[in-house]
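Participant: When you get a sec, could you give me coordinates for this:
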Amino acid sequence: MASSKKAVDLQGFFSRNQELFNNSSASVKLGKRGVGGDPLPEPAPTFVEAPCETVMQGQNNSYIVLGRDRPASRLSGYGGKGDTQASMVDICVGRMAWSPKSEDEQGNIVHADPNFEVDAARIYISQKTDVDDNFKLVDGTVGNSKAKSAIGIKADAVRVVAREGIKLVTRTDEKNSQGAVVGDTTGIDLIAGNDDSKLQPIPVGDNLVGCMERVLFHMDKLNGIVDSFLMQQIQFNIALTSHVHLVPILGMTLISPTVVSSGMSTVVKLTATCKLDLAKHKANLKLCQKTYLTKAGSKYINSRHNKVN
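Facilitator: Residues are numbered from 1 along each chain as shown. Next comes the predicted model:
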């Protein structure tokens, strides 16, 4: 989706700074356009710094804050409660995201606390925090993490890129960062739309292949059963069409023209249609197995690269 913002947007700038910029000479303005890495004045709120924090601030609304757990105001998080062992590193760019302001309409300086919903992009590292509540995430099957170490990453687009492999691994240690014993193995939730109402387990590929092979095997067996029944029925129909019976009154044997006609017609249909369809069905089962359930198949149902347990 294309951005709805202008490439250069100075709304929300200090009125005095805007006036000074507009009245500057052409050479001064040229040096403040940001082209080629030159300085670029732009609106940005004033960060509300807590006394315990060390703040590294860039020229264009970028921050690295070292302090204690603080997802919002200075009273928020475990840092706001006064907990120990709640250290924090907050890397943030674009406070107030799409509508940054240096001042409000009355000319008052705009101050900003961390805002995990609005700020443009963030990597948040905390020794003790409620990471799911901070980012307003649903529980899923993994659950809601409380008072534990966490790393949260948020932006419009997040990419994890490896020149070799990527591993998502859970339950590596016997105890967590708070010294509590880690219980059952917790899995990995992939949740689109932050909606866990229809969350389902991921099939395990080799087991699924095994299941499908058994299904195809039993379908093939059923095909053989029907084929065997068909051949017996054809033999019965042939025998019936050639059957004669004695008529004592006439002193002779007779055959039924109706039985002969119907029987032969049925034999032809069973042989030409059902027998052929069973043969096609059997061939299709073999083709299905080869296409979807073998590694050489063009549509092998398992990923050739990615694994889950």
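
Participant: Which parts of the stretch 201-309 of the chain are strands?
Facilitator: Using DSSP state E, counting those that start in this stretch, the strands of the stretch 201-309 of the chain run over residues 245-247, 252-254.

Participant: Least confident of those strands, on average?
Facilitator: Of all those, mean pLDDT reaches its minimum on strand 252-254 (a mean of 57).

Participant: buried stuff in the longest helix seen in the chain?
Facilitator: Ranked by residue count and defined by DSSP state H, the top helix of the chain is helix 205-241. Judged by neighbour count using 16 or more other C-beta atoms under 10 Å, the buried positions of helix 205-241 are Val209, Leu216, Asn223, Asp227, Leu230, Ile234, Asn237, Thr241. In this view, the C-beta of every residue, glycine as well, is placed from N, C-alpha and C.

Participant: Could you report the separation of the second one from Thr294?
Facilitator: Distance, Leu216 to Thr294, using C-beta to C-beta, to the nearest Å: 12 Å.

Participant: what's the answer for the last one, then?
Facilitator: When C-beta to C-beta is the yardstick, Thr241 and Thr294 sit 46 Å from each other.

Participant: And the fifth one, by the same measure?
Facilitator: From Leu230 across to Thr294, the span is 30 Å (C-beta to C-beta).

Participant: need the helices for this structure, in chain order.
Facilitator: 15-23, 26-30, 77-80, 131-134, 205-241, 257-269, 275-292.

Participant: Quick one: mean pLDDT over the first one.
Facilitator: Looking at helix 15-23 alone, the average pLDDT works out to 57.

Participant: do the same with the fourth one
Facilitator: Per-residue confidence for helix 131-134 averages out to 98 on the pLDDT scale.

Participant: Could you tell me how many residues sit around Ala44?
Facilitator: The number of residues packed near Ala44 is 23, by other C-beta atoms under 10 Å.

Participant: Quick check: closest non-adjacent residue to the spatially most central residue of the chain.
Facilitator: Taking C-alpha atoms, centre = their mean, the centroid of the chain lies closest to Leu190, which sits 4.3 Å from it. Excluding the flanking residues, the one nearest Leu190 by C-beta to C-beta, 6 or more residues apart in numbering is Ile202, at 7.8 Å.

Participant: thought the one you found was touching Asn309?
Facilitator: No. Ile202 lies out of contact with Asn309 (C-beta atoms under 8 Å); the separation is 9.6 Å.

Participant: More neighbours: which of those two?
Facilitator: Neighbour count, other C-beta under 10 Å: between Ile202 and Asn309, Ile202 has more, with 11 against 8.

Participant: Show the backbone phi and psi for the more buried one.
Facilitator: With angles defined as degrees, to the nearest 10, Ile202 sits at phi -90, psi 130.

Participant: Tell me how far it lies from His305.
Facilitator: Separation of Ile202 from His305 (C-beta to C-beta): 15 Å.

Participant: Count residues in the vicinity of Leu293, would you?
Facilitator: Leu293 has 19 neighbouring residues, counting by other C-beta under 10 Å.

Participant: where does the protein dip in pLDDT?
Facilitator: 1-3, 9-10, 12-32, 240, 243-264, 267 (pLDDT under 70).
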